[in-house]
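1. generate a structure from the sequence data that follows.
(one chain, ligands or ions: 1)
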Amino acid sequence: MAIVPAHDRDFEFATKYKLDIKIVIDTKMGIIDLQEAFTDEGILVDSDQFTDMPNVTAKKAIIEHFEKNNLGYEKVNFKLRDWGVSRQRYWGAPIPFVHCSECGIVPEKIENLPIALPEDVQITGEGNPLENHPTWKNCSCPKCGKSARRETDTLDTFVQSSWYFLRYATNPSKWDEVGIDKEDSNYWMDVDQYIGGIEHAILHLLYARFFTKALNQLGYTNSIEPFKNLLTQGMVLKDGAKMSKSKGNVVDPDEIVSKYGADTARLFILFAAPPTKELEWNDSAVEGAYKFIRRFYESSTKCEGANASLIERLDHASLNDNEKEARKKVYEALQKANEVMNKTFAFNTLIASCMEALNALNKQDNPTVWLEGYYIMTNILEPIIPHTCWELSDSLFARANFEKQLAVKEEVFVQDSISLALTINGKKRGEIEVSPSASKEEILEMAKSSEIAKKWIEGKELIKEIVVPNKLVNLVVKG
Ligand SMILES: [Zn+2]
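-> Next up, the predicted model:
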């Protein structure tokens, strides 16, 4: 009679057929109380020289024991299920095999590839259209030359989607000669950023990795892992439900495009939610997106009187507060753009930054500050509202703001003054504004002579003066 260890998954079988069960990992409970196989980690018991070892370490020691005594060796087994690639469909690459009554299944000759689908096929919804085509399947056997029949199943689309990125990387001028050009594919691969729906996460992306590894081993590409980063996009919802034809809640972006233009459709979608989150379709938000684009377009007249050469000569220190604030918001939007494009893809935050920048620009009327704002915003919003940005960039700068990477100007982030809390005997009584470069003595002088302080320290003895940089000034008085 066999003995099943109590940690084994055969536990159920052994229980049912009343086979002996032996505890070899200390489960802290007797065999009577054991309801199911013990699969956690534990200490070996009743295991000869392996007794008292943690089971994880023991596994290694047991393998070593087997190998040392020539009783067995370590091996990892992989198993992949058989995988049907053929479908009875018209849309798919024909499987290039021929059925011959003499030779059996014969591969088509290389020079006859690729086998093209017939274009005069009848799609009736009944049966396999290639099988039903009157002549397409008739051919001659590549081996014996007798008349034979083509395979009428086609490859499922996942077969093609498993290597299309390598095909795209191949220069189209070579497409007729090669499937994948190794030099081209090595130049372009790997894919830096893959964007797809969650439905691709387990099938397509897994198949694509298998194909890439196989093509690597066959020498077609140096790529081993095809995709470096994956962004899984969220779904679009309407009235709380996934848009679908059967629910009748599908919104056609074409309607928005024809009423407001493609830029509005793009801005609305990207502003509504970060791309990884679900997006709730909202008609009034479409209107809001359109209004922003109009305002952005129409405000460009505020640049009149300025020209691009003046932008570089802007003297930040000589500007008034609103002009400084506008520049700061514009460069914050540029910083946001760098972060969004390189890392987060949260385009909604970039759009929000540009809206803030446009608001800040509107609170001043320096045409050069306006023009600088457009120099940057038409560049960073271009991937989102390309038509508007192209037109404005063309008319204002002859596209010069796309010639090189835009640089952030740190000068706009330097603060003119910082506010410090003013506390008397540890109690906050107000705030004072000081220059960021002010010395400790200057700050104390300013604090003591401030109207707030006078009220609390007059006629009293000042016994302690404390400055906590960038935070507060504390004056301690007695009497
Ligand atoms: Zn044959």
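2. up against the ion, what does the stretch 101-250 of the chain have?
-> Proximity of the stretch 101-250 of the chain to the ion (CB under 5 Å from the ion) is limited to residues Glu102, Cys103, Cys141, Lys143, Cys144. In short, each C-beta sits where N, CA and C put it, glycine included.
3. in contact with Ala208, which residues?
-> Contacts were defined as CB atoms under 8 Å, 6 or more residues apart in numbering; by that measure Ala208 touches Ser161, Ser162, Trp163, Phe165, Pro226, Phe227.
4. checking it next. Helix, strand or coil?
-> Following DSSP: H, G, I helix; E, B strand; the rest coil, the label given to Ala208 is helix.
5. list the contacts of the most centrally placed residue in the chain.
-> What sits nearest the mean C-alpha location of the chain, by CA atoms, centre = their mean, is Leu231, with 2.8 Å. Taking CB under 8 Å, 6+ apart, we find Leu231 in contact with Gln193, Tyr194, Ile195, Gly196, Pro275, Thr276, Phe345.
6. hang on, the last one packs against Pro274?
-> Yes - the pair Phe345 and Pro274 passes the contact test of CB atoms under 8 Å, sitting 7.2 Å apart.
7. gap between the two ends of stretch 25-35?
-> Stretch 25-35 has an end-to-end distance of 15 Å (CA to CA, to the nearest Å).
8. how about the one residue in the stretch 201-350 of the chain that gets nearest to the ion, phi and psi?
-> Closest contact between the stretch 201-350 of the chain and the ion, by CB to the ion, is at Leu218 (27.5 Å). Here is the backbone geometry of Leu218 (degrees, to the nearest 10): phi -80, psi 0.
9. likewise Val476?
-> Backbone dihedrals for Val476, given as degrees, to the nearest 10, come out at phi -110, psi 120.
10. rewinding a little: need the pLDDT of the residue of the stretch 201-350 of the chain closest to the ion.
-> Note on Leu218: pLDDT of 95.
11. number of residues surrounding it?
-> Leu218 has 8 neighbouring residues, counting by other CB atoms under 10 Å.
12. bridged to Arg87, which residues?
-> Thr154 (DSSP bridges).
13. the one 10 residues further on now?
-> Beta-bridge partners for Phe97, by DSSP bridges, are Pro107.
14. verify the stated contact: it with Gly104.
-> No - between Phe97 and Gly104 no contact is recorded; they are 10.0 Å apart, counting by CB under 8 Å.
15. so the two - more neighbours on which side?
-> Neighbours were counted for Phe97 and for Gly104 using other CB under 10 Å; Phe97 has more, 15 against 11.
16. in the stretch 101-250 of the chain, which spans are helices?
-> Applying DSSP state H, counting those that start in this stretch to the stretch 101-250 of the chain gives helices spanning 129-132, 157-161, 164-169, 182-188, 204-217.
17. so which of those comes closest to Gly92?
-> Nearest to Gly92 among those is helix 157-161 (6.1 Å), distances taken as CB to CB.
18. go through the closest one and flag the buried ones.
-> Across helix 157-161, burial judged by 16 or more other CB atoms under 10 Å covers Phe158, Val159, Ser161.
19. need those residues in CSV (columns: pLDDT).
-> Converted to CSV, these look like this (pLDDT from 0 to 100):
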residue, pLDDT
Phe158, 89
Val159, 92
Ser161, 92
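20. how about Asn229, nearest residue that isn't a chain neighbour?
-> Gln193 (5.0 Å; CB to CB, 6 or more residues apart in numbering).
21. how about that neighbour, what does it touch?
-> Lys228, Asn229, Leu231.
22. and the second one, how far is that from Asp192?
-> In this view, Asn229 and Asp192 are 7 Å apart by CB to CB, to the nearest Å.
23. now Gly305: phi and psi?
-> Per degrees, to the nearest 10, the backbone of Gly305 is at phi 100, psi -10.
24. again, but for Glu119
-> Torsion angles, degrees, to the nearest 10, at Glu119: phi -100, psi -10.
25. repeat for Lys478
-> phi -130, psi 150.
26. same deal with Cys100?
-> Per degrees, to the nearest 10, the backbone of Cys100 is at phi -120, psi 140.
27. check whether it really touches Ala148, as I assumed.
-> Yes - at 4.2 Å, Cys100 counts as touching Ala148 under the criterion of CB under 8 Å.
28. overlap in contacts of these two?
-> Contacts common to Cys100 and Ala148, judged by CB under 8 Å, 6+ apart, are Val106, Cys141.
29. measure stretch 82-97 end to end?
-> Stretch 82-97 stretches 19 Å from its first residue to its last (CA to CA).
30. and that stretch, how far from the chain's centre?
-> Distance of stretch 82-97 from the chain centroid (CA atoms, centre = their mean, to the nearest Å) equals 32 Å.
31. mind listing residues that contact that stretch?
-> Contacts of stretch 82-97 (CB under 8 Å, 6+ apart): 105-108, 112-117, 121, 123, 127-131, 150-157, 159-160.
32. which element is Thr57 on?
-> Using DSSP states H and E, Thr57 sits in helix 55-68.
33. against which helices or strands is that helix packed?
-> Packed against helix 55-68, as judged by 3 or more CB pairs under 8 Å, 6 or more residues apart in numbering; DSSP states H and E, are no other helices or strands.
34. quick check: mean pLDDT of it?
-> Mean predicted confidence for helix 55-68 is 92.
35. which of the residues in it are buried?
-> Asn55, Ala58, Ile62.
36. what does that helix contact?
-> Residues contacting helix 55-68 (CB under 8 Å, 6+ apart): 7, 25, 41-44, 47, 49-50, 53, 71-74.
37. any low-confidence regions in the stretch 1-150 of the chain?
-> 1-9, 27-33, 80 (pLDDT under 70).
38. what do you get if the cut-off is 50, keeping everything else the same?
-> 1 (pLDDT under 50).
39. ranges for the strands of it?
-> 3-5, 20-22, 86-87, 97-100, 104-107, 138-140, 147-150 (DSSP state E, counting those that start in this stretch).
40. which of those strands sits most buried?
-> strand 97-100 (a mean of 18; mean count of other CB atoms under 10 Å).
41. so that one, near the ion or not?
-> Yes - applying CB under 5 Å from the ion, one finds strand 97-100 in contact with the ion at Cys100.
42. the chain should start at 37 in everything you say after this.
-> Sure, I'll start numbering at 37, so the last one becomes strand 133-136.
43. tell me how far that strand lies from the chain's centre.
-> 45 Å.
44. next one: phi and psi at Ser475?
-> Main-chain torsions, Ser475, degrees, to the nearest 10: phi -80, psi 170.
45. equivalent analysis for Ile59, please.
-> phi -80, psi 120.
46. same question for Asp212.
-> phi -80, psi -20.
47. for the residue of the stretch 187-336 of the chain found nearest the ion, which residues are in contact?
-> Closest contact between the stretch 187-336 of the chain and the ion, by CB to the ion, is at Glu187 (14.1 Å). When contacts are counted by CB under 8 Å, 6+ apart, Glu187 touches Pro130, Ile131, Pro132, Phe133, Val134, His135.
48. kindly report the same for Lys278.
-> By CB under 8 Å, 6+ apart, the contact list for Lys278 reads Met271, Val272.
49. mind redoing it with 7 Å?
-> Met271 (CB atoms under 7 Å, 6 or more residues apart in numbering).
50. what's opposite it in the beta bridge?
-> Beta-bridge pairing of Lys278 under DSSP bridges involves Leu273.
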